[in-house]
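Asks: sequence-free structure coming up:
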């Protein structure tokens, strides 16, 4: 979906590119932290008894579960139990 005009997109891109690499990295990290908190809150609203292990595993699955085969996922899930 594209809901931004080319002119506005160009202005936005120019504004972002004026920032330093460090500033852009920090923006990306902040956005990821926000997304992770939204997922965490969603998971806890559905399953309020999740412990930290459960949250780690389910957050991982929400973000990256589609990128691995079953064997790889099982190995990763076991490592997140610690």
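Replies: Nice, thanks for sending it over. Note that the structure is predicted; figures quoted are calculated from it, not measured. Residues are numbered from 1 along each chain as shown.

Asks: low-scoring pLDDT stretches of the protein, where are they?
Replies: Applying pLDDT under 70 to the chain flags no residue at all.

Asks: mind naming the longest helix for it?
Replies: helix 21-46 (DSSP state H).

Asks: contacts for the following helix or strand past that helix next, please.
Replies: Note on helix 21-46: by DSSP states H and E, the next helix or strand toward the C-terminus is helix 52-64. Identification of contacts with helix 52-64 by C-beta atoms under 8 Å, 6 or more residues apart in numbering yields 36, 39, 40, 43, 44, 47, 50, 73, 76, 77, 80, 81. From N, CA and C alone the C-beta is placed, and that goes for glycine too.

Asks: one more pass at 7 Å, please.
Replies: 36, 39, 40, 43, 76, 77, 80, 81 (C-beta atoms under 7 Å, 6 or more residues apart in numbering).

Asks: show me which of those residues is closest to residue 22.
Replies: residue 36 (20.9 Å; C-beta to C-beta).

Asks: number of nearby residues for that closest one?
Replies: 14 (other C-beta atoms under 10 Å).
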